[in-house]
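Peer 1: Turn this into a model:
(2 chains)
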Amino acid sequence: MGRKHLFGILYVCLTVSVLAEVVNFHGHDLWQTIPGFSALYGFIGCIFIIAASKALGHYWLQKEEDYYD
Amino acid sequence: MIDIGSIPNVPPALIYLAGAALIPLLGTGRARKVYLIVLAVLGLIGVALLRPQTGWGFSVLPGFELTLLHVDSLSLIMGYIFALIGGAAILYSVNIVKESGEFVCALLYLGSALGAVFAGDFFTLYIFWEIMAFSSLGLIWYSRTERATNAGMRYILFHLLGGCALLGGILIHYMDTGSIAVGPVELGIGYVLLLIGIGVNTAFIPLHTWLPDSYPKATIAGAVFLSVYTTKTGVYVLARTFPGVEAVAYMGGVMCLYGVAFALLQNDVRKLLSYHIVSQVGYMVAGIGIGTYIGINGGIAHVFNHILYKALLFMCMGAVIYATGKNNLTELGGLAKKMPITTITCVIAALSISGVMGFNGYVSKSMVIHAAELEGMHILALALIVGSVGTFLSFLKLTYFTFFRRNDEIEAKEVSLPMLIPMSVTAFLCVALGVYPQALYSILPYKEIAMHFNPYALGHTIGTLELLLMTAVGFFTLQFLFSPHERVTRDIDYLYRKAGRGFIWFCEQPLVTVANFIDKGLLKLADAVVWFSRNPTAASRIMVVMIGAVVTRPFNPTYMRYARDLEELKRSYPGEVPKVAIGTAVLLALVLFTLYLIIYLTHGVLWV
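Peer 2: Predicted coordinates for the structure are as follows:
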């Protein structure tokens, strides 16, 4: 299975799930009332976490392996 | 047939604690293995036979009763999972642990954790709490490396401080209320101290550094035990003493994000898992802090589920380290074909911790997030959702770089059956409780409420699916960013180490200088007294001559002669010591006694 197939499957599933939400959205929680909200939030969350942890690690926190010895 | 009702309730802690005592007598052969497995089964039966709403205590002083066994639905569910995973961990370790001492530590640790969970009063709790701290230290030290020894020192320092805070809090609580029953505490210093004491074990930020510091350095089997008991006992006690405290709920949110952010930076597989303990305990703490029935249900359900998949993750990574001797993501890879069962069980655990539908983590995580939504804590709920995005990222990374990335150099063989059986059983339970969560609901503290919760409501399921798919897209798009590096990541422990070094510097430099100064002064004084007492008469004469020489120096033309006399006197010191006849000495003593008597008779006492 190549990367192309992997991404194909992921995107198809995403589209189907957002469509399913459009057809059938009657949740009572905040994020259940907007179709596709979770996908958007997942995207933002993903970027946020990666950016935050990478920036912190790269510029500040990470040191050589034997830093503490 | 035995009538189960007639068996008295035995505190299950005693089974393990007594069992630990015999291990050193059994050598290292087959007998020890059989004995350990029998003990694990006995412990499990002991917990299973406990009936709810019973107790077992005894009076130590009038009106002061210690309760060794307090069984209710909350302590019972903790007891079940502790004994269950304890059995799995014992089976896992029978073949790989060589030294009996390590088993003794593991059993003391397991027993005292059960003791703490079933303790009905704060003093019993405190005693088991401290046994836990020291026995778990053994599991770190038995890896016998310098790094482990040092990490163990830092670990026990943290836990001793936490234990002191806990004891202080308990004493203040007892002084205020006169009650030692484990229960909610009223505001005050005792409240803060108890929260700090429990917070150390529960890995509150910034008291968490002992955890990712020491767990990766523990022995392979030791880390499995460690991942289960300390933090979860903390969560349990938190549920008893601080349910519904809003600050605690938000602390859970902070732990969740903090743990995830640091986990993404790790290279050591067990260090990555350790940061995920902090993160996952965040969900439990959040549930407890929300404090509603569904919140506490969610927190405790997450304890149960988390213990299953986290112990499984530590078992899998332990198996990887055991088989390859490598513990860094940069050196691993390509194990999927060589260790298929480990790979499958690890993927199941990874899916469970990431909260994928059909696995147990999904159920309890949803419960906690749902509880936050119901209470209107939307920020907390959103933070917890971002936490699960980060968790999924982390475990995509862990499984990819350990098992699926190409690595032709690695050599490994699948581990032996005693390790694979507990891994498979735990993996099965992760799936079973994900598919059929009602089995777990029926032992939750508020089971009627739990039965109404459906994690597989359509809207929620689809939402979670979208979230996870998007995370996967993010991971595979930005995969180059995730490649591990051979670097260490500083945490808040950097500050503690700085402070520790500062303290040692303070002791070695200023404090020692002052001490030396005082020391020298006192020695000089002592020397002077010794010198004087060699010949008091001659010494007094020298002193008189010295004072005379100094005083008369400005107007004395014969000063030089004086000084020469002084030199002469000093050189001949102590010289001939004059002897006093015994009669004179007795006379002197008599005079002194008489004086004393007169003063005593006139004044009544010697000094007025």
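Peer 1: Just the strands from chain A, written as ranges.
Peer 2: A:62-64 (DSSP state E).
Peer 1: same question but for chain B, I mixed them up
Peer 2: B:54-61, B:64-71, B:487-489.
Peer 1: by contact count, what packs against the second one?
Peer 2: Secondary-structure packing of strand B:64-71 (3 or more CB pairs under 8 Å, 6 or more residues apart in numbering or on different chains; DSSP states H and E): strand B:54-61, helix B:100-118, helix B:122-141. To be clear about C-beta, it is placed using only N, CA and C from the backbone, and glycine gets the same treatment.
Peer 1: That strand - which strands sit beside it in the sheet, and in what orientation?
Peer 2: Strand B:64-71 sits in its sheet next to strand B:54-61 (antiparallel), going by DSSP bridges.
Peer 1: Can you list the buried residues in the partner strand?
Peer 2: By neighbour count on 16 or more other CB atoms under 10 Å in any protein chain shown, the buried set for strand B:54-61 is B:Trp56, B:Gly57.
Peer 1: Which one, of the strands of chain B, ends up nearest to B:Ser227?
Peer 2: The closest of the strands of chain B to B:Ser227 is strand B:487-489. By CB to CB, the value is 19.8 Å.
Peer 1: For the closest one, the averaged confidence score.
Peer 2: Mean per-residue pLDDT for strand B:487-489: 80.
Peer 1: Pretty sure B:Ala450 sits against B:Ala301.
Peer 2: Yes: contact criterion CB atoms under 8 Å: B:Ala450 and B:Ala301 qualify, at 7.5 Å.
Peer 1: Which one of the two is surrounded by more residues?
Peer 2: Using other CB atoms under 10 Å in any protein chain shown, the more surrounded residue of B:Ala450 and B:Ala301 is B:Ala301, with 30 against 23.
Peer 1: Who are the contact partners of the closest residue to B:Leu566 other than its chain neighbours?
Peer 2: Excluding its sequence neighbours, the residue lying closest to B:Leu566 (CB to CB, 6 or more residues apart in numbering or on different chains) is B:Val545, at 5.4 Å. The contact partners of B:Val545, by CB atoms under 8 Å, 6 or more residues apart in numbering or on different chains, come to B:Tyr562, B:Asp565, B:Leu566, B:Leu569.
Peer 1: Same list, the residues you listed, but as JSON lines with neighbour count and pLDDT please.
Peer 2: Shown next, in JSON lines, are the contacts of B:Val545 (neighbours: other CB atoms under 10 Å in any protein chain shown; pLDDT from 0 to 100):
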{"residue": "B:Tyr562", "neighbour count": "17", "pLDDT": "76"}
{"residue": "B:Asp565", "neighbour count": "15", "pLDDT": "78"}
{"residue": "B:Leu566", "neighbour count": "15", "pLDDT": "80"}
{"residue": "B:Leu569", "neighbour count": "16", "pLDDT": "80"}
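Peer 1: The residue of the stretch 51-200 of chain B found nearest chain A: neighbouring residues, count only.
Peer 2: Nearest residue of the stretch 51-200 of chain B to chain A (CB to the nearest CB) works out as B:Arg147 at 7.9 Å. By other CB under 10 Å, 14 other residues sit near B:Arg147.
Peer 1: possible to save the helices and strands packed on strand B:64-71 as CSV with mean pLDDT?
Peer 2: Below are these laid out as CSV (pLDDT from 0 to 100):
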stretch, mean pLDDT
strand B:54-61, 74
helix B:100-118, 94
helix B:122-141, 94
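Peer 1: Single out the most deeply packed of the ones you listed.
Peer 2: Mean neighbour counts were compared across these using mean count of other CB atoms under 10 Å in any protein chain shown; the top stretch is helix B:100-118, at a mean of 26.
Peer 1: Next, the angle from that helix to strand B:64-71.
Peer 2: For helix B:100-118 against strand B:64-71, the angle by axes from the mean of the first three to the mean of the last three CA atoms, to 10 degrees is 100 degrees.
Peer 1: low-scoring stretches of the chain, by residue?
Peer 2: No chain specified, so I'll use chain A. Applying pLDDT under 70 to chain A flags the ranges A:1, A:24-33, A:69.
Peer 1: I was thinking of chain B, sorry if that wasn't clear
Peer 2: The low-confidence ranges in chain B, as defined by pLDDT under 70, are B:1-8, B:63, B:578, B:605-608.
Peer 1: Domain map for it?
Peer 2: Domain assignment for chain B, taken from automatic domain parsing, gives B:243-485, B:492-534, B:537-577, B:581-608.
Peer 1: Output these in TSV, with distance to B:Leu49 appended to each entry.
Peer 2: TSV is the format used below for those (distance: least, CB to CB, whole Å):
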stretch	distance to B:Leu49
domain B:243-485	15
domain B:492-534	43
domain B:537-577	84
domain B:581-608	71
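Peer 1: Most tightly packed of the ones you listed?
Peer 2: Mean neighbour count (mean count of other CB under 10 Å) peaks for domain B:243-485 among the domains of chain B, with a mean of 22.
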